[in-house]
Structures are given as C-alpha cells and as structure tokens.
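Novice: Give me a model of this one.
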Amino acid sequence: MRLQLAAVAATCATALAQEPTGQKEPAKQELFTDETGAFDVSNFLSTKVGFLPIAIPITEPAIGYGLAVGLSYFHSQPPVVGDAQAGTQRTIMPSTSVLFGAATENGTWALGGGHLGIWDEGRVRYAGAAGYASLNLDWFGRDQSLGGRSIGYTNDTTFVYQSIKFQLGQSRIFVGPEYRFLGSDATFDLSALDPGIPQPQLHSKTSGVGIILGYDDLDHPYQPSRGLKGELIVREQAEWLGGDFTYAQLRSYLIGYVPLAPSVVLGLKGNYDVTGGSAPFYDLSTINVRGLEKFKYVDSDAVYGESELRWDFADRWTALVFGSGGAVGSALDSLGEFHFAGGAGGRYLIAGKYGLRMGIDVAYGDQQWTVYVGMGTGWTRP
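Specialist: Numbers count the residues shown, from 1 in each chain. Now for the predicted structure:
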C-alpha cells in the first residue's frame, strides 16, 4: 500500500490536536456547537487529552470497502509559524504518533504504526512508519499487457519508511535523507493467465536510500487556499542495503492553490514517477488519483495529475468539482493511453478552530463509480 494507510491515519489524526492542558472545560451544552449554535466539535476536541481513536472508511476499488482505525497521541497543538504582519503566517502539522489497522471486504488487512515529528517551528520534519499488510489485488500487467484481463494475487508485505528533512535557513526549501524497505511474499492465481513475472520477484525484498528536496509554503495543511508544496525524491534500491534488486527511482509531485475569489480556490497537482532497472512488479510506478483504481496501471514511468475547483458557498459548507488523469509507459516519450476520471463532492467545516472539513467525493472513471470519504484535502502530505 506504499504507506497509504499510515499517511491517511496520521494526517487525519494531526487535525485533531489537543489544546494545552489546564484550560477550563467548556459547558456541556457547548461541546458540539460554536458561538453561533452551529454543529462544531472544536470544543469537544479541545477537552480531549492524550490518545484519540480515529475511524476512516476505505472506499478504494482495488481492495474494496472497509475501515481503517487508529489510536493517536498528539504531542502539541497545531503550530502557527511566521509573521502575521509580514503576511507569512501559516499553520503547520503538529507532532503525532499513531497505531493503525485496516481491513476490507476482499480480505485485505494491515497493521502498523507511524510518527510525524515536527520540531523547531517546523524547520525539522521527521516521518516514519512500519507495518505489515496482506493485500488481495488484481494484476493487469505492465501498461495493460494482459489486454484488459487481470489475475488475482495476494501479496503479504512488510514495510518500513524513515525520513527527516531540514529547512535551509529562512527559505521554504527542505532537504534530507530517507530509507525505505519493502518485503514481498506474493502468490498468483495461475489457473487462467501467465502474469509474466519472474519467479524470484514473488518472494523478495527491496531496500534503498534516497535524498528528498522539498518546498512548502502552504497557508494551511488541511484546507489550503494559497501556496505551493512539492518534493523531488531520488532513491537507490540496492542489494548492498539488504535488498534483492538494484534499481533507481524518481518520485516527484507539485501541489498549488490559487484563490480566484474570496470564496473560490483552484487547486492543481501533478506527479511524475520513474522506476528503472530491475525493479520488482510491486514497486513499479503507478497512477494515483481519485476515480482510477490504484495499482491497475503500472510501468516504468507514470505521469498523472488532478485539478480541483473549491467553492465555500456558506460559512461551513463547501462544494467542489475535480478532474484527474494519467498514463504509464516504458519511458516518458512512449506513454500509453491516457485514462481520465472526474467527479464532485462536498465538505462540512466540522471543527472550525482546526480548519478541519469532512466530506464525500463521488468520482467516475474506468466505467465505474467510486465514493471517497475523508477529512481535509485528499492531497495532504506530511
């Protein structure tokens, strides 16, 4: 799952950080309303100390419907950094630790833990996760090489991820190392088709290190209205690091938000991923957008992106429309067919003091409808 469940659980948990202990608890009748009487859980969240349970519905077509649950510990409230008078003030994520588990209707399940460490007013940022997942997926071949048909398979995966980034001076640029490990024990249903995967890849592991170059000046981590955030990661998966393969990878994304009007925001996201050498089938580049099934389109190169138009048409209500698409291929100049999806959704400002919105997106792509349930923006990155 490439740490997706860990990232989702940790990101949602950070939005629910506590207020400092010792403050006066709001009156009982005010726990679920704001000063106007609207439904709002900010006061309730502010009275919580220590661990908080999280439940996130899973609606991913690749693994079916299910539920991810987590237990999170918040080390501080969400920090506000920068100078308000200079126009540089913004909110960043707080340090958060999380234990998580997930299960879906097709038998997929996962367990693990993660930590986001945010130190020195966000100048030092650590992210780490480890766990185990048993994934029941469909293999469609590299760039649909099976002609639209698929083979079911189970992949029991162990994953470890570690990274730390340091801000360069007073800039918004971050640099740091990362480590990544994936262990795979895959079993394919070979009764109908040959998956075209070398036998050594089925029971194998890959281990590598990389360098992260990032930029972040978003005004808010959960519901941005302006700014940019991006990363370029160059990594080497190598046998000398304990893996069974040697190959290079490039992972990159850029997210931007532009206010078109006081209540209208345009968001754009683009990704370009490259996997070279003798990479195993479970670590190829893939399209990852709303409306298209994850892990269905895989190859050496993947180009994909999304656009979103958001309208805050009332104090607490938001409507949005989005479009997404992408393609994979053996190289950038030989990409295959572009696949497109689109949809609409809505959000409710459920915790005004935290800028946290919760809602549903409905997408159509690959001749099927998909419903996504989540908090904040689907593009949140630690």
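Novice: which residues does residue 36 contact?
Specialist: By Cβ atoms under 8 Å, 6 or more residues apart in numbering, the residues touching residue 36 are residue 315. For the C-beta atoms, the positions are set from N, CA and C on the backbone; glycine is no exception.
Novice: try 6 Å this time
Specialist: With contact set as Cβ atoms under 6 Å, 6 or more residues apart in numbering, residue 36 has no partners.
Novice: can you offset everything so residue one is 856?
Specialist: Okay, using 856 as the starting number, the last item reads as residue 891.
Novice: Distance of residue 949 relative to residue 971?
Specialist: Applying Cβ to Cβ, to the nearest Å, the value for residue 949 to residue 971 is 8 Å.
Novice: quick one: buried residues of the strand or helix carrying residue 1200?
Specialist: Using DSSP states H and E, residue 1200 sits within strand 1194-1206. Neighbour counts over strand 1194-1206 (16 or more other Cβ atoms under 10 Å) mark 1194-1198, 1200-1206 as buried.
Novice: before we move on, what about stretch 1160-1174?
Specialist: Applying 16+ other Cβ under 10 Å to stretch 1160-1174 flags 1160-1161, 1163, 1165-1167, 1171, 1173 as buried.
Novice: Of the residues you listed, which pair is most distant in space?
Specialist: The most widely separated members of the buried residues of stretch 1160-1174, counting by Cβ to Cβ, are 1160 and 1171 (29.2 Å).
Novice: Give me the mean pLDDT for stretch 948-966.
Specialist: Mean pLDDT, stretch 948-966: 90.
Novice: cool, stretch 1198-1208 as well?
Specialist: 88.
Novice: and the closest residue to residue 1176 other than its chain neighbours, bridged to which residues?
Specialist: Excluding the flanking residues, the one nearest residue 1176 by Cβ to Cβ, 6 or more residues apart in numbering is residue 1199, at 4.8 Å. Per DSSP bridges, the residues bridged to residue 1199 are residue 1176, residue 1217.
Novice: Over to residue 1164?
Specialist: Assessed by DSSP bridges, residue 1164 has beta-bridge partners residue 1121, residue 1176.
Novice: That one and residue 1198: what is the separation?
Specialist: Counting by Cβ to Cβ, the gap from residue 1164 to residue 1198 is 12 Å.
Novice: roughly how far out does the helix or strand hosting residue 1012 sit from the chain middle?
Specialist: Under the criterion DSSP H and E, the helix or strand holding residue 1012 is strand 1006-1022. Offset of strand 1006-1022 from its chain centre (Cα atoms, centre = their mean, to the nearest Å): 12 Å.
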